[in-house]
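**Q** Pasting the sequence and the predicted model now:
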Amino acid sequence: MRRLLLRDPGHLLAFGFGSGLARQAPGTFGTLAAVPLYLLMRDLPLGMYLAVVAALFVLGIWLCGRTARALGVHDAPAIVWDEVVGYLLVMAAAPHAVWAVILGFVLFRLFDIAKPWPIRWVDRRVTGGFGIMLDDVLAALPAWLLLQITAHLLA
């Protein structure tokens with residue numbers, strides 16, 4: 001897998017800049033790799049931020065599908081681009097505060113790991129790059145909502 005990563009920039013992105021190669025909790029490390037990207041993007045106007053996240057989602061469909069085919073595994077744990085995009089979605093319109101970065105991270109990981117209905121259903125039935133990306137977007141939605149509610153209550 002490392003040889004695959006080193007040879008192809010597309011696989012490097014699918015592996016979350018290499019974070020997905022962590023031996024333990026690759027999804028958590030992939031989400032952690034998204035934090036600096038979020039910090040670079042957070043000052044964008046909301047519309048532009050969402051447009052970038054949408055573009056990264058579409059790119060992810062191709063990246064994740066291609067890497068999954070190369071590995072011969074539908075959603076290999078090392079493929080973490082979906083976690084990167086999921087976290088970025090959670091952080092849309094988030095307060096610029098350390099607590100929000102941390103809470104968004106924790107909430108996203110909780111929903112991504114637990115996969116409550118319908119996330120688990122989608123994860124098991126939707127295949128290919130779209131399926132890899134979609135379950136993390138679905139995990140991001142309740143995490144985003146809870147982060148927004150918390151921000152509203154703290155305001």
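**A** Yes, it's here.
**Q** I'd like to know the phi and psi angles of the most centrally placed residue in the chain, please.
**A** The centre of the chain sits closest to E83, judged by C-alpha atoms, centre = their mean, with a distance of 2.0 Å. Here the main-chain torsion angles of E83 (degrees, to the nearest 10) amount to phi -70, psi -40.
**Q** quick one, what contacts it?
**A** Neighbour list for E83: G16, G27, G30, T31, A34, F108, D112, D136 [criterion: C-beta atoms under 8 Å, 6 or more residues apart in numbering]. Where you see a C-beta, it was placed from the backbone N, CA and C, and this is true even at glycine.
**Q** And for R109?
**A** Going by C-beta under 8 Å, 6+ apart, R109 touches G27, T28, T31.
**Q** Give me the distance between V35 and L103.
**A** In this structure, V35 and L103 are separated by 12 Å, where distance is defined by C-beta to C-beta, to the nearest Å.
**Q** Between the contacts of E83, which sits nearest G129?
**A** Sorting the contacts of E83 by distance to G129 puts D136 at the head of the list, at 11.8 Å, by C-beta to C-beta.
**Q** re earlier: output the contacts of R109 in JSON lines; the columns should cover pLDDT.
**A** Converted to JSON lines, those look like this (pLDDT from 0 to 100):
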{"residue": "G27", "pLDDT": "97"}
{"residue": "T28", "pLDDT": "97"}
{"residue": "T31", "pLDDT": "98"}
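**Q** list the helices and strands whichever strand or helix holds L134 packs on?
**A** Secondary-structure assignment from DSSP states H and E places L134 in helix 128-154. Using 3 or more C-beta pairs under 8 Å, 6 or more residues apart in numbering; DSSP states H and E as the contact criterion, the elements in contact with helix 128-154 are helix 46-71, helix 81-90, helix 98-114, helix 119-125.
**Q** centre of the chain versus that helix, how much separation?
**A** Helix 128-154 has its average C-alpha position 10 Å from the chain's average C-alpha position, going by C-alpha atoms, centre = their mean, to the nearest Å.
**Q** what about W99, neighbour count?
**A** W99 is surrounded by 13 other residues when neighbours are defined as other C-beta atoms under 10 Å.
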